[in-house]
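J.: Sequence plus the predicted model coming up.
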Amino acid sequence: VQLVESGGGLMQPGGSLRLSCAASGFTSGFPFSSYHMSWFRQAPGKERELVARITNAGGRTNYADSVKGRFTISRDNARNTVFLQMNSLKAEDTAVYYCNAVLFLGSRGHWGQGTQVTVSS
């Protein structure tokens, strides 16, 4: 499984960005829709943290308290893509954002290479 993130960049506080994660390399037995998809982020000097998760075909979501009401995770199973819409960005959202795919929650799964998001005036 390969995951490629895109959409990061520099944005002013209060602005919006939409991250995408294009996934490929799935087998017929375990297609994209079988995977729980998540976005994590890691800021300099901090541990990687879960930002948002969307479960497999059921599509249930959960968010870190720090992004609730501002970020929205979604998936398009036909396009093997997961998105993270980030609104009302704050300086503390600055981090490298990583896409993660797991078949079973709690397992390590697969990671993308990350995309940098910088929120600064």
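T.: It's in. Please read all numbers here as calculations on a predicted model, not as lab measurements. Residues are numbered from 1 along each chain as shown.

J.: make it CA atoms for all contacts and neighbour counts henceforth
T.: OK.

J.: Dig out what Ile73 forms beta bridges with.
T.: Legend: beta-bridge partners of Ile73 under DSSP bridges are Leu84.

J.: Please verify my assumption that it contacts Ile54.
T.: Yes: at 6.7 Å, Ile73 counts as touching Ile54 under the criterion of CA atoms under 8 Å.

J.: any common contacting residues for these two?
T.: Counting by CA atoms under 8 Å, 6 or more residues apart in numbering, the contacts common to Ile73 and Ile54 are Thr61.

J.: Tell me if Ser33 really is in a helix.
T.: Yes: according to DSSP: H, G, I helix; E, B strand; the rest coil, Ser33 belongs to a helix.

J.: wouldn't it be in contact with Gly59 here?
T.: No: contact between Ser33 and Gly59 fails when scored by CA under 8 Å: they sit 9.4 Å apart.

J.: The two: who's more crowded?
T.: Each of Ser33 and Gly59 has its neighbours counted (other CA atoms under 10 Å); Ser33 has more, 20 against 14.

J.: And the host helix or strand of Ala101, what's buried?
T.: Assigned by DSSP states H and E, Ala101 belongs to strand 95-102. Under the neighbour-count criterion of 16 or more other CA atoms under 10 Å, strand 95-102 has 95-102 buried.

J.: what's that strand packed up against?
T.: Judged by 3 or more CA pairs under 8 Å, 6 or more residues apart in numbering; DSSP states H and E, strand 95-102 is in contact with strand 2-6, strand 36-42, strand 110-111, strand 115-119.

J.: most packed of those?
T.: strand 36-42 (a mean of 23; mean count of other CA atoms under 10 Å).

J.: Tell me which helix or strand comes right after it.
T.: Of the helices and strands lying after strand 36-42 in sequence (DSSP H and E), the nearest is strand 49-54.

J.: any idea how far the helix or strand following that following strand is from the chain center?
T.: Once strand 49-54 ends, the next helix or strand along the chain (criterion: DSSP H and E) is strand 61-63. Its chain's C-alpha centre and that of strand 61-63 lie 11 Å apart, by CA atoms, centre = their mean, to the nearest Å.
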